[in-house]
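> Just to be clear, the model below is a prediction. Sequence and coordinates:
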Amino acid sequence: MTAEKLYTGSCLCDGIHYEIHGEIGEIIECHCQRCRKANGTAFATNALIQRADFKIVKGEQLLKKFASTSTTQRCFCGECGSPIISIKSELPDHYRLRIGTLDTSLEHKPTMHIFVAYKAEWDSICDGLPQYDERP
């Protein structure tokens, strides 16, 4: 019997803490304009997780939601603004976790860049990972 994976994470102000009791999916770096704006960076580093595996253990009242599109809600700390997850209506059993909020080390690395056609003009991708103009 294999032990269940447990990952923990938190926001910048330490007001929200979460746990993931299960696997973290493929890590993808997204360069679309919405991800850049939501994170204030050149790209967002996301991974799919099972919705049932995710639990907020502290500060649930601080979690705010913003509908960035008709199918996507971005969830963040209402105190410090740290992005935690996004919820996509077409993926009802999953969340997209913002990897930068993890406190537990990961064993795997990003696998690709998506929406590179929309990347910031000042950014250079130099890691050799596959790049896709849109979502593959």
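Ah, there it is.

> residue ranges of the helices in the chain, please?
33-39 (DSSP state H).

> Report the helix or strand with the lowest average pLDDT across it.
Ranked by mean pLDDT, DSSP states H and E, the helix or strand of the chain with the weakest confidence is helix 33-39, at a mean of 92.

> Give me the contact list for it.
With contact meaning C-beta atoms under 8 Å, 6 or more residues apart in numbering, helix 33-39 is reached by 42-44, 46, 68-69, 72, 74, 76, 83, 98, 115, 118, 120. The C-beta positions use only the backbone N, C-alpha and C, and glycine is treated the same way.

> For it, buried residues please.
Across helix 33-39, burial judged by 16 or more other C-beta atoms under 10 Å covers 34-36, 38-39.

> coming back round to it: so which of the contacts of helix 33-39 is the closest to residue 29?
Nearest to residue 29 out of the contacts of helix 33-39 is residue 43 (C-beta to C-beta; 4.7 Å).

> My guess is that closest one contacts residue 119. True?
Yes - using C-beta atoms under 8 Å, residue 43 makes contact with residue 119 at a distance of 7.1 Å.

> Against residue 30, how distant is residue 132?
Per C-beta to C-beta, to the nearest Å, residue 132 is found 10 Å from residue 30.
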